[in-house]
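**Q** What follows is a predicted protein model with its sequence.
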Amino acid sequence: MFARTLFDPEHNAWRAEVAAFLSAEITPHHDAWVAARKTPRAAWAQAGAAGLLARALPPEYGGAGRDFRDSAIIIEELARHRVHGLFTCLQSDIVAPFILRLGTEAQKMRLLPGIAQGEVLAALALTEPQGGSALSTMTTTARSSGDSLVLNGCKTHISNGSVADVVIVAAKSERGSIGDQPGLSLILVETERPGVHQEAIEKTGMAALDTGQITLTDCVVPRSNVLGGEGMGFVYLMSFLGVERLVLAIYAQACSERLLQDLIRDCDARHTPNGSLLDHQNPRFSLAELYSDCAVNRSFIDQCIPLVQEGRFDPKQACIAKLRTTATLKKLAALGVQLRGAGGISGETGARASQDLLDASVQSIWGGTSEILLDLIGRSMASGL
């Protein structure tokens, strides 16, 4: 839809390979996964075998040693094919980098190959029932007990939460407070351990993507399961969450472009006594405004993607990217219902348009709500002057 200079011929060949895999192996089954409210584990293994998981990992840990542009292509193709149940970037670009950069050699060898193969499902557990993902109000605790830590608390609305084999849990530590922020530790918790209870959460948006609640009750883990230094979790999260938000922005942008293309096509096909909807000024103005928003967002995101690989990515840019792309996506989804008229609320097109609106709402909430992002951007402005 928009001219891009980010990718070379090898990347374009990879995009074609990803698209072919999704078209053949995933999209024919995705509606059934949505109806069943779950994605089969076998699909993760298929994605791993096709090279779609943890592609940026070095080969010794099961990856292909590729750059972040390969990951961006996978994310974009998932959105273009309307796939959310197999949200591969959760494994590849959100969880795996924590282990790669912070883990010991033993931790990396134990977990990363399985994550890359889709044999080990992983999750990141920050959000809590009362405090959302606000780190300063986190109540999950990690109490020292000799060479072990004892975890107590509850994490909710965790992607892959009810099916994950290993979870990175953020918990209050007895060490490492920084200013007014509590000391936090990031701890690898194998969900087969006693004291771990996983439960799926029913939801209306992105229904095929597992979302769960994880309750920890006197769960004992060895101190060797800590990622990085004890009490240093706040520092780590401030570094890593920026890339997570960019990942979500890339997905939202690709969803926006797909919805915009579909809506333009449907408006052109919908006839009135005075021509198609595109012959009327008001629909044209509405679509032109959102087309312009998508064009600006695309340019901004394509500037951000190379910075991840270069290690120069600013978390504030991620907040801006996610805020703008998800806002545009919600406007497009709402307009998709309105401009389709009765077809936007009935039949197959109505079901699709209504689901697009629900799914778009999920994207303005996960990974930090739009209100949280606005606050973070606002707080950073004075320090950036």
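**A** That came through fine. Numbers count the residues shown, from 1 in each chain.

**Q** And the helices in this protein?
**A** Remark: helices assigned in the chain by DSSP state H are 9-21, 27-36, 41-49, 68-80, 88-89, 96-102, 105-117, 233-269, 281-310, 315-339, 347-363, 370-383.

**Q** what angle sits between the last one and helix 233-269?
**A** Which is helix 370-383. Relative orientation of helix 370-383 versus helix 233-269 (axes from the mean of the first three to the mean of the last three Cα atoms, to 10 degrees): 120 degrees.

**Q** ditto for the second one
**A** What separates the directions of helix 27-36 and helix 233-269 is an angle of 110 degrees, with the same axes, to 10 degrees.

**Q** Output helix 27-36 as CSV, nothing but the C-alphas.
**A** Provided in CSV are the C-alpha atoms of helix 27-36 (Å, rounded to 0.1, in the frame of the first residue of the first chain):
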residue,chain,number,x,y,z
THR,A,27,-5.5,-19.5,7.9
PRO,A,28,-7.7,-22.5,6.8
HIS,A,29,-8.0,-23.5,10.4
HIS,A,30,-8.0,-20.1,12.2
ASP,A,31,-11.8,-19.6,12.3
ALA,A,32,-12.1,-23.0,14.0
TRP,A,33,-9.5,-21.9,16.5
VAL,A,34,-11.5,-18.7,17.2
ALA,A,35,-14.7,-20.7,17.7
ALA,A,36,-12.9,-23.1,20.0
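
**Q** May I see the buried residues of it?
**A** 29-30, 33-34 (16 or more other Cβ atoms under 10 Å). In this view, the C-beta of every residue, glycine as well, is placed from N, C-alpha and C.

**Q** What mean pLDDT does it get?
**A** Taken as a whole, helix 27-36 has a mean pLDDT of 95.

**Q** Distance from it to the middle of the chain?
**A** When C-alpha coordinates are averaged (Cα atoms, centre = their mean, to the nearest Å), helix 27-36 and its chain have centres 19 Å apart.

**Q** So which other helices or strands are in contact with it?
**A** On a contact count with 3 or more Cβ pairs under 8 Å, 6 or more residues apart in numbering; DSSP states H and E, helix 27-36 meets no helix or strand.

**Q** do the same with the last one
**A** The helices and strands touching helix 370-383, judged by 3+ Cβ pairs under 8 Å, 6+ apart, are helix 315-339.

**Q** Mind doing that once more with 10 Å?
**A** When contacts are defined as 3 or more Cβ pairs under 10 Å, 6 or more residues apart in numbering; DSSP states H and E, helix 370-383 sits against helix 233-269, helix 315-339.

**Q** most remote residue from the protein's center?
**A** Largest separation from the mean C-alpha position in the chain: Pro273, at 43.9 Å (Cα atoms, centre = their mean).

**Q** hang on, the earlier thing: please tabulate the helices and strands packed on helix 370-383 in a markdown table, including the columns mean neighbour count and mean pLDDT.
**A** Shown next, in a markdown table, are the helices and strands packed on helix 370-383 (neighbours: other Cβ atoms under 10 Å; pLDDT from 0 to 100):
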| stretch | mean neighbour count | mean pLDDT |
| --- | --- | --- |
| helix 233-269 | 22 | 93 |
| helix 315-339 | 22 | 95 |
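
**Q** Could you dump those helices into a markdown table with distance to Leu357 added?
**A** Below are the helices and strands packed on helix 370-383 laid out as a markdown table (distance: least, Cβ to Cβ, whole Å):
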| stretch | distance to Leu357 |
| --- | --- |
| helix 233-269 | 10 |
| helix 315-339 | 4 |
